[in-house]
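Engineer: Please work out how this folds:
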Amino acid sequence: MKHHLVETNSTNTWLMSTVREIRANRESVPDLYAVYADFQSAGRGAGTNTWHSSRGLNLLTSICFDTGLAAADQFVFNLWFATTTRRFLAKYMPEVRIKWPNDIYVRDRKLAGDLTEHSVSGNRLDFTVAGIGINVNEERFPKEIPHPTSLFLETRQHFEVETLLDEYLGILREHRPLLTCNHESELRNEYLSHLYRRNEPHPYLVHGKRITAIIRNIDRFGRLVLELPDGSREAFGFKEVGYCF
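Structural biologist: Predicted coordinates for the structure are as follows:
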């Protein structure tokens, strides 16, 4: 089931509010209920990041999931969503990679980014809203946007956005049975096998200092595990480490 908006401030904000309103009326929300928009006036990324998209050119969607996961296991969702999204985009560009924590990259350029928000009830996830922006037909980006790309820029083909959305929702449904803790090891292995820059020395900003380090793993909380110049390994959360290009 999907709902189309010509314009909204943020598909995540709209869907979170809508699901809470439906739940307040003691009604159910279909799993994989999606909203998509032609334009977002206040598109959001992780943290305080914003998301740029020209009107009608790109895929801007948020999807509601009833995962049944414990709150402590929420990173299982992140593993599943990232790997399934990568699988979808790999149909068009096999070289796509997952850039920790929530981006999809082609070589050193950002193709897509997601924003996942969980509603927690007790020790369980009441519901999860996962939003994603995929640059589809964008040909030019503002100069302040770092390292962007799009399906058009990579393939020189224009795409029908709603057709891509239907394909994407189909792959999410196909892989929905993997969204359980029983498949965590399998999801983690797939995530790591496609992790951008893994096992390669690259520069990073760690505690404000530029160092050369190697991505080795992701811990059970979703933190990035780096091998530091002295050979030790340390886990870093979001905003504690930055990529240098």
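Engineer: Return the set of buried residues in the longest strand along the chain.
Structural biologist: For the chain, the longest strand by residue count, based on DSSP state E, is strand 109-121. Residues of strand 109-121 classed as buried: 110, 111, 112, 113, 114, 115, 116, 118 (neighbour count, 16 or more other Cβ atoms under 10 Å). The C-beta positions use only the backbone N, C-alpha and C, and glycine is treated the same way.
Engineer: wait, doesn't the third one sit right on residue 132?
Structural biologist: When you say that, I think you mean residue 112. Yes - using Cβ atoms under 8 Å, residue 112 makes contact with residue 132 at a distance of 6.1 Å.
Engineer: Between those two, which contacts overlap?
Structural biologist: By Cβ atoms under 8 Å, 6 or more residues apart in numbering, residue 112 and residue 132 have these common neighbours: residue 85.
Engineer: quick revisit: going toward the C-terminus from the longest strand of the chain, what's the next helix or strand?
Structural biologist: As assigned by DSSP states H and E, the chain's next helix or strand after strand 109-121 is strand 124-134.
Engineer: I'd like to know how many residues surround residue 240.
Structural biologist: By other Cβ atoms under 10 Å, the residues close to residue 240 number 13.
Engineer: could you list every residue that touches it?
Structural biologist: 206, 207.
Engineer: Now it: phi and psi?
Structural biologist: Per-residue torsions, residue 240: phi -90, psi -10 (degrees, to the nearest 10).
Engineer: Quick check: the residue lying closest to residue 58 once chain neighbours are set aside vs residue 104, distance?
Structural biologist: Sequence neighbours aside, residue 136 is the residue nearest to residue 58 in space, at 4.7 Å (criterion: Cβ to Cβ, 6 or more residues apart in numbering). Using Cβ to Cβ, to the nearest Å, residue 136 is found at 13 Å from residue 104.
Engineer: one step back: how about the CA coordinates for the longest strand of the chain, as PDB?
Structural biologist: C-alpha atoms of strand 109-121 as PDB (Å, rounded to 0.1, in the frame of the first residue of the first chain):
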ATOM      1  CA  ARG A 109      29.900   9.600  -4.400                       C
ATOM      2  CA  LYS A 110      26.600   9.500  -2.500                       C
ATOM      3  CA  LEU A 111      23.700   8.000  -4.300                       C
ATOM      4  CA  ALA A 112      21.200   7.500  -1.500                       C
ATOM      5  CA  GLY A 113      20.700   8.100   2.200                       C
ATOM      6  CA  ASP A 114      18.300   6.800   4.800                       C
ATOM      7  CA  LEU A 115      16.800   8.000   8.100                       C
ATOM      8  CA  THR A 116      15.300   5.400  10.400                       C
ATOM      9  CA  GLU A 117      13.200   6.300  13.400                       C
ATOM     10  CA  HIS A 118      11.800   3.800  15.900                       C
ATOM     11  CA  SER A 119       8.800   4.300  18.200                       C
ATOM     12  CA  VAL A 120       9.500   2.300  21.400                       C
ATOM     13  CA  SER A 121       7.000   0.800  23.800                       C
END
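Engineer: What helices and strands are in contact with that strand?
Structural biologist: Judged by 3 or more Cβ pairs under 8 Å, 6 or more residues apart in numbering; DSSP states H and E, strand 109-121 is in contact with helix 11-24, helix 74-90, strand 103-106, strand 124-134.
Engineer: For residue 3, pull up the helix or strand it's in.
Structural biologist: Per DSSP H and E, residue 3 falls inside strand 2-8.
Engineer: buried ones in that strand?
Structural biologist: Residues residue 8 are the ones in strand 2-8 that count as buried (16+ other Cβ under 10 Å).
Engineer: How far does it sit from its chain's centre?
Structural biologist: Strand 2-8 has its C-alpha centroid displaced from the chain centroid by 20 Å (Cα atoms, centre = their mean, to the nearest Å).
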